[in-house]
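Visitor: 3D, please:
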Amino acid sequence: MGNSGKIWTVRLKWGMTEGMNSAEMQKLTGVKADEPKGVLPVEQGPWGHVFLGDCREIAGELPLKSLDLVYLDPPFFTNREHKGNGKVKMGKLREARNALGFDDRWVVREGKVGYLRWLEERIRAIRSLLTPTGVFLLHLDWHVVHYAKVLCDGIFGEERFQNELIWYYQTGGASKDRFSRKHDTILLYSNGETFPFNGKAIAIPRTAKAMERAKCPTGARIKATNTHKNPDDVLVIPALNPMANERTGYPTQKPVELLERLIKALTPEQGTVGDFCCGSGTTLVAAQRLGRRWVGCDVNPAAVELARWRVKKS
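Guide: This next block holds a predicted model:
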């Protein structure tokens with residue numbers, strides 16, 4: 001990266017969480033609510049740190065062109081408040097588990113126009129952190145993903161759009177009024193003309209029928225030794241069930257398996273990964289398991305503490 005000798009400073013902004021007083025916040029994070037904004041020195045770059053603060057401001061303090069992959073899982077414009085479900089087992093967070101949620105209500109914040117402006121400002125700030133071959137992933141659902149696609153086309157350029165990944169999770173109840181909504185969408189943009197894709201790292205076995213056809217001397221499209229292939233753009237990975245061991249109580253927690261697959265496919269070995277709405281820290285856990293350097297942030301003090309705890313455990 002060329003920045004290993006520099007000391008990066010990240011200005012951490014304090015944000016109170018609804019329903020928690022200053023004493024509870026101090027007990028949870030060790031920081032007094034009325035303390036002045038501090039400066040956290042980070043030697044050897046920002047890697048391995050979960051910062052408390054808005055992603056636009058944190059991004060502005062990090063080294064440019066330093067990330068191979070940015071995964072952004074922002075609020076989905078659901079216009080409701082998401083609360084923790086009380087499953088947290090971590091000691092400090094046991095008393096603050098209701099603080100793990102976030103407010104996704106936009107009626108008083110200019111509605112959809114305000115949401116898209118908020119999203120655009122943060123994506124533009126984050127893009128400056130991507131390497132020339134870096135990849136940006138935006139995880140949303142049916143509420144606003146079609147608006148976000150047009151937004152990202154304007155930021156990265158239509159020609160940089162590479163994939164519309166569908167995360168099909170199957171779990172949950174079934175709708176009686178419409179086709180059941182059982183997928184999220186992940187938009188994949190490259191920062192430049194080329195980007196890494198490690199197909200071998202996520203290759204899946206070909207079907208027995210396909211391999212039987214490969215043995216045919218005429219009309220075979222693949223060699224009999226070509227036993228695996230790249231997966232298609234529908235990722236069938238179960239959502240976390242209520243009894244899953246990795247569940248933390250964070251209301252929109254994603255499975256580690258999903259993030260591991262994305263990181264394996266889209267980053268070099270020992271590459272760098274950023275998540276700027278990191279929530280419970282799933283992306284950071286996946287990156288650490290795979291030997292990638294990582295950095296994360298969130299505006300919720302309880303989420304930041306949870307993410308730090310998870311990566312320490314992993």
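
Visitor: ok, which stretches of the stretch 151-300 of the chain are strands?
Guide: For the stretch 151-300 of the chain, applying DSSP state E, counting those that start in this stretch gives strands covering 161-168, 183-190, 204-205, 228-229, 234-236, 272-275, 293-298.

Visitor: who wins for proximity to residue 252 among those?
Guide: strand 183-190 (10.0 Å; CB to CB). From N, CA and C alone the C-beta is placed, and that goes for glycine too.

Visitor: parallel or antiparallel, list what pairs with that closest one.
Guide: strand 130-140 (antiparallel), strand 161-168 (antiparallel) (DSSP bridges).

Visitor: ok, and for the first one, which residues are buried?
Guide: Under the neighbour-count criterion of 16 or more other CB atoms under 10 Å, strand 130-140 has 130-131, 134-140 buried.

Visitor: could you do stretch 285-297 as well?
Guide: 285-288, 290, 292-297.

Visitor: how about the strands paired with strand 183-190 in a markdown table, adding mean pLDDT?
Guide: Shown next, in a markdown table, are these (pLDDT from 0 to 100):
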| stretch | mean pLDDT |
| --- | --- |
| strand 130-140 | 98 |
| strand 161-168 | 98 |
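
Visitor: any chance of those in TSV, plus distance to residue 266?
Guide: Listed next are those as TSV, based on distance: least, CB to CB, whole Å:
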stretch	distance to residue 266
strand 130-140	5
strand 161-168	10
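
Visitor: those: which one's closest to residue 111?
Guide: Residue 111 sits nearest to strand 130-140 of all the strands paired with strand 183-190, at 16.5 Å, using CB to CB.

Visitor: just to revisit the earlier point, quick check: the farthest pair among the buried residues of stretch 285-297?
Guide: Most distant of the buried residues of stretch 285-297, by CB to CB, are 290 and 297, 20.0 Å apart.

Visitor: ok, and the helix or strand in this structure with the lowest average confidence?
Guide: Between all helices and strands in the chain, the lowest mean by mean pLDDT, DSSP states H and E belongs to strand 38-43, at a mean of 42.

Visitor: wait, which of the strands paired with strand 183-190 is closest to residue 279?
Guide: Nearest to residue 279, of all these, is strand 130-140, at 10.9 Å by CB to CB.

Visitor: could you work out the most separated pair of the buried residues of strand 130-140?
Guide: Across the buried residues of strand 130-140 (CB to CB), the longest gap, 23.7 Å, separates 131 and 140.

Visitor: show me where the stretch 201-314 of the chain has helices.
Guide: For the stretch 201-314 of the chain, applying DSSP state H, counting those that start in this stretch gives helices covering 208-214, 256-266, 282-289, 301-313.

Visitor: looking at the ones you listed, which is closest to residue 274?
Guide: Nearest of those to residue 274, taken as CB to CB: helix 282-289 at 8.3 Å.

Visitor: pull the residues that contact that closest one.
Guide: 50, 71, 73, 253-256, 259-260, 263, 273, 275, 278, 293-294, 296, 307, 310-311, 314 (CB atoms under 8 Å, 6 or more residues apart in numbering).
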